[in-house]
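Q: need a structure here:
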Amino acid sequence: EESNESGKKGDVTVIGLGYVNGMADYMVAADVLVSKAGPGTIAEAAALGLPVMMTSYLPGQEAGNVDVVLDAGFGDYCKDSDEIA
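A: Down below sits the predicted model:
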């Protein structure tokens, strides 16, 4: 399995960028998308074949999106960010 510069397997560097233009370029380069269950983001990831790790959703309007991703088999849901890391 791969490791990073520190040599520790699973140890990654995360850089928060805030708002960016050209999100599609980042998504194409990514191995997985970690996001809340927003419908636009899920649709973009699905169009690219990018797996989605959902961490939250807005009750009511986004709750069903979690089931769509899980049922389609292109992502997972985990509300514990420590477990994801």
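Q: ok, residue 24 to residue 45 distance?
A: Residue 24 sits 10 Å away from residue 45, going by C-beta to C-beta, to the nearest Å. For every residue, glycine as well, the C-beta is placed using N, CA and C.
Q: distance from stretch 38-57 to the middle of the chain?
A: Here stretch 38-57 is found 6 Å from its chain centre; the criterion is C-alpha atoms, centre = their mean, to the nearest Å.
Q: so how far does it reach from one end to the other?
A: 7 Å (C-alpha to C-alpha, to the nearest Å).
Q: buried residues in that stretch, which are they?
A: 38, 41, 42, 44, 45, 46, 50, 51, 52, 54, 57 (16 or more other C-beta atoms under 10 Å).
Q: got a list of contacts for that stretch?
A: In this structure, residues lying in contact with stretch 38-57 by C-beta atoms under 8 Å, 6 or more residues apart in numbering are 23-24, 27-28, 30-37, 62-63, 65-66, 68-69, 72, 74-79, 81, 84.
Q: can you say which of those residues are buried?
A: 33, 34, 35, 37, 62, 65, 66, 69, 75, 77.
Q: just the helices in this protein please.
A: 23-29, 39-48, 63-72, 81-84 (DSSP state H).
Q: which one, of those helices, ends up nearest to residue 10?
A: The closest of those to residue 10 is helix 81-84. By C-beta to C-beta, the value is 11.0 Å.
Q: contacting residues around the closest one?
A: With C-beta under 8 Å, 6+ apart, helix 81-84 has contacts from 34, 53, 55, 78.
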